[in-house]
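Asker: below is the structure, and that's it, no one-letter string:
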């Protein structure tokens, strides 16, 4: 792919689009790891996102669409791809009755705060999840007994042919860290959540309680992608890693958090290679000691699609 020519074509066709070349992925992922992308676009609206994806489709290019990059591990050498970042211009949140509809770029924290301000309960658990609505619905994000599936009633998305579609209720196929969008070449545009009336002070108190539990138990002061591995069918990944004696174990700048064994953190200068090597060591050690093969929750990106 001649990215120089492609980028020139994008700029000519969409002069108002913010487009950066050689943008470091480390600036756009919570691990603070990753080399430069060929280019990164920041669409300001659903229409601009759709137009960009249509143009890239005409060029035979499949973009990588990201939000805040809280569940990805980009490669050290960078991405030979066009990255579309939705975290800036697609964050509108609107109320209709007891429902909120949020754009894919809205942070889950801002969504939970908006619900509280409107006196709507049901998203308190999401306040401390660092990702966006788009990424959250793709993997059915959850914490402290709550999941987006508990409130999500409709997802608007672009299908593989860039047609505007809707999935409602069970058609969203929401289950543990899975949705109908998982592994598909589709783009979430917005999600509608059905909530329940509640008192703002009680909702905020619940959010503060959960935030306090997070601060006490999780290494929020260090770069990471949250839980590194999915919960196995039996037990918990963090407990299995701890029981294997790996809490605090390091490879280069990557470390199993001494505070919470379920987190691999960037303890300083970690590379993608460090994290991958540490994850592989964790998997092998836990498998040998407990017979459980841990499945990564973090999405590992390759330099090319």
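Answerer: Structure's in. What do you need? Predicted, not measured: the structure shown is a model, and the values here were computed from it. Numbering: from 1, shown residues only.

Asker: ok, now which ones touch residue 273?
Answerer: Contact analysis of residue 273 by C-beta atoms under 8 Å, 6 or more residues apart in numbering lists 76, 252. Any C-beta I mention is one placed from the backbone N, CA and C, and that applies to glycine too.

Asker: now do the one 3 residues further on
Answerer: Contacts here follow C-beta under 8 Å, 6+ apart; on that basis residue 276 touches 73, 300.

Asker: confirm it sits in a helix?
Answerer: Yes - assessed by DSSP: H, G, I helix; E, B strand; the rest coil, residue 276 belongs to a helix.

Asker: what about it, distance to residue 254?
Answerer: 9 Å (C-beta to C-beta, to the nearest Å).

Asker: what's the answer for residue 291, then?
Answerer: Relative to residue 254, residue 291 is positioned 25 Å away (C-beta to C-beta).

Asker: between those two, who's got more neighbours?
Answerer: residue 254 (28 against 8; other C-beta atoms under 10 Å).

Asker: surely the more buried one and residue 263 touch.
Answerer: No - shown here, residue 254 and residue 263 do not form a contact pair, counting by C-beta atoms under 8 Å, at 10.8 Å.

Asker: residues touching residue 186, list them.
Answerer: By C-beta under 8 Å, 6+ apart, the neighbours of residue 186 are 157, 158, 159, 160.

Asker: what of residue 107?
Answerer: By C-beta under 8 Å, 6+ apart, the neighbours of residue 107 are 68, 87, 91, 130, 131, 132, 133.

Asker: need the pLDDT of it.
Answerer: Listed pLDDT for residue 107 reads 97.

Asker: by mean pLDDT, point me to the weakest helix or strand of this structure.
Answerer: Every helix and strand of the chain was ranked by mean pLDDT, DSSP states H and E. The lowest is strand 142-143, at a mean of 93.

Asker: paired strands for that strand, with orientation please.
Answerer: strand 146-147 (antiparallel) (DSSP bridges).

Asker: which other residues reach the partner strand?
Answerer: Against strand 146-147 from outside (C-beta under 8 Å, 6+ apart): 123, 124, 125, 126, 140, 141, 174, 176.

Asker: and the residue nearest to the second one when sequence neighbours are not counted, which of the three is it?
Answerer: Using C-beta to C-beta, 6 or more residues apart in numbering and skipping residues adjacent in sequence, the residue nearest residue 124 is residue 206, 4.4 Å away. Of the three states, residue 206 takes helix according to three-state DSSP.

Asker: neighbours of residue 206, how many?
Answerer: 17.

Asker: and the spatially closest residue to residue 46 that is not a sequence neighbour, which of the three is it?
Answerer: With sequence-adjacent residues excluded and distances taken as C-beta to C-beta, 6+ apart, residue 46 is closest to residue 189, at 5.7 Å. Classification of residue 189 using three-state DSSP returns strand.

Asker: if we can go back for a sec, and the contacts of residue 107 as a markdown table, adding pLDDT?
Answerer: Formatted as a markdown table, those follow (pLDDT from 0 to 100):
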| residue | pLDDT |
| --- | --- |
| 68 | 95 |
| 87 | 94 |
| 91 | 95 |
| 130 | 93 |
| 131 | 94 |
| 132 | 97 |
| 133 | 98 |
